[in-house]
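Asks: Generate a structure from the sequence data that follows.
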Amino acid sequence: MEKLDDKKIAVLLSGGVDSSVVVHELASRGLTPDCFYIKIGPEEQEEWDCASEEDMEMATVVAARYGCKLQVVDCHREYWDGVTRYTMDKVRAGFTPNPDVMCNRLIKFGAFHDKIGHGYDLIATGHYARTEIEDGDKWLVTSPDPVKDQTDFLAQIYDWQLRKALFPIGHYMKGEVREIAEREHLVNAKRKDSQGICFLGKINYNEYIRRYLGENPGDVLELETGKKIGRHRGLWFHTIGQRHGLGFGGGPWYAVKKDVAENILYVSHGFEPVTAYKSTFPIRDFHFLTRRVEMGRVTFKIRHTPEYHPATLEQTGEGAYVVHAERPIQGVAPGQFCVVYDERHHRCFGSGEITL
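Replies: Numbering: from 1, shown residues only. Predicted structure coming up:
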């Protein structure tokens, strides 16, 4: 980690094991950061309210254990006005958005910074990511744990946000973080990781979409024959490359194309059909994390997986590139972020939106 002795540090403490070990790591260096619990919840108080009392209890216990102040920061309106609007606009248009990416830019390093974080030198989170500084430039660097690496979720933050970001557990494997938590007898050492969308806890993604967009039934057709396979409840409940959860007999079926104008979902039959793969696709509005760099031979990923795909990038305009992958990639969908790394998938350069 960078020199911290003279830095004023804010920790985003969620109640999970990762951010709790962040507090421990800083405390073990003789630091006493201020802790903040970001509160996000639905517009009305309902039974699926994600402002988890358990999260808050865990955060309170951990902060007290290390003698840190804990303050609740309400970013409710900013989340629903920013992240939710972005998500619903994209899925309504037939795209595949990533709410977690926008949550980091707009909430954790955005709204929180506007409200409180601007008074701190660094904002520490439990992300599995690292940074390195070279010639005054601060770069986002991948975690040694390829399964947990979260640089893809950070690939849209602004350069000034990256300069203020601190990832104290980014050099650990997930198992090592668990071991630290158990060794230190942290209250949440054995607590399961959250699997949902950023801040939404146990809310199902389809329920999240249904709440705002409802349902819009349409036909499901086999791509090769035009044969009607069934009905869908809304194109926004499906993503390109999806196999599970389609609910049609005689499978497996893969979602391979959406016709938004006609409200038709096209599927293809068989195991990993060729129609589900692409090796060349365009991206737009490329966002450089640190500074603009020349990108030729690179690696990339289009979803949160451990795999990095080798490719070459061909620039076609301002912020526009064509990705030429060495091998066909399954499930390339418009709206996804293509996150680009160097050839060794060490430094993350930034990301652009797939357009197709």
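Asks: Quick check: closest non-adjacent residue to residue 4.
Replies: Take residue 4 and drop its neighbours on the chain: the residue closest to it by C-beta to C-beta, 6 or more residues apart in numbering is residue 31, 6.2 Å away. C-beta here means a position set from N, CA and C on the backbone, and glycine is covered the same way.
Asks: so residue 168 sits right up against residue 28, yeah?
Replies: No. The pair residue 168 / residue 28 is not scored as a contact, 9.7 Å apart, by C-beta atoms under 8 Å.
Asks: Those two: which has the busier surroundings?
Replies: In this comparison of residue 168 against residue 28, neighbours counted by other C-beta atoms under 10 Å, the higher total goes to residue 168 at 28 against 12.
Asks: Contact partners for the more buried one?
Replies: Residues in contact with residue 168 (C-beta atoms under 8 Å, 6 or more residues apart in numbering) are 1, 21, 22, 25, 26, 124.
Asks: hmm, 10 Å instead?
Replies: Going by C-beta atoms under 10 Å, 6 or more residues apart in numbering, residue 168 touches 1, 4, 9, 11, 18-19, 21-26, 28-29, 31, 33, 122, 124-127, 130.
Asks: and it, helix, strand or coil?
Replies: Per DSSP: H, G, I helix; E, B strand; the rest coil, the secondary structure class of residue 168 is coil.
Asks: Is the closest residue in space to it that isn't next to it in sequence in a helix, a strand, or coil?
Replies: Among residues not flanking residue 168 along the chain, residue 25 sits closest, at 4.3 Å (C-beta to C-beta, 6+ apart). For residue 25, the secondary structure call by three-state DSSP comes out as helix.
Asks: Tell me how far stretch 159-170 lies from the chain's centre.
Replies: Stretch 159-170 has its C-alpha centroid displaced from the chain centroid by 15 Å (C-alpha atoms, centre = their mean, to the nearest Å).
Asks: swap that for stretch 13-33, sorry
Replies: Relative to the mean C-alpha coordinate of its chain, stretch 13-33 is positioned 22 Å out (C-alpha atoms, centre = their mean).
Asks: Only alpha carbons, please: show that stretch as PDB.
Replies: Included here for stretch 13-33 are C-alpha records, laid out as PDB according to Å, rounded to 0.1, in the frame of the first residue of the first chain:
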ATOM      1  CA  LEU A  13     -17.900  -0.500   6.000                       C
ATOM      2  CA  SER A  14     -20.700  -2.700   4.800                       C
ATOM      3  CA  GLY A  15     -20.900  -5.300   7.500                       C
ATOM      4  CA  GLY A  16     -19.300  -8.000   5.300                       C
ATOM      5  CA  VAL A  17     -16.100  -9.800   6.000                       C
ATOM      6  CA  ASP A  18     -14.000  -8.000   3.300                       C
ATOM      7  CA  SER A  19     -14.600  -4.400   4.500                       C
ATOM      8  CA  SER A  20     -14.200  -5.600   8.100                       C
ATOM      9  CA  VAL A  21     -10.700  -6.900   7.400                       C
ATOM     10  CA  VAL A  22     -10.000  -3.600   5.700                       C
ATOM     11  CA  VAL A  23     -10.500  -1.900   9.100                       C
ATOM     12  CA  HIS A  24      -8.300  -4.500  10.700                       C
ATOM     13  CA  GLU A  25      -5.500  -4.000   8.200                       C
ATOM     14  CA  LEU A  26      -5.500  -0.300   8.700                       C
ATOM     15  CA  ALA A  27      -5.700  -0.600  12.500                       C
ATOM     16  CA  SER A  28      -2.700  -3.100  12.400                       C
ATOM     17  CA  ARG A  29      -0.700  -0.300  10.900                       C
ATOM     18  CA  GLY A  30      -1.500   2.000  13.800                       C
ATOM     19  CA  LEU A  31      -4.200   3.900  12.000                       C
ATOM     20  CA  THR A  32      -7.700   4.800  13.200                       C
ATOM     21  CA  PRO A  33      -9.900   5.500  10.100                       C
END
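Asks: for it, which positions count as buried?
Replies: 13-27, 31, 33 (16 or more other C-beta atoms under 10 Å).
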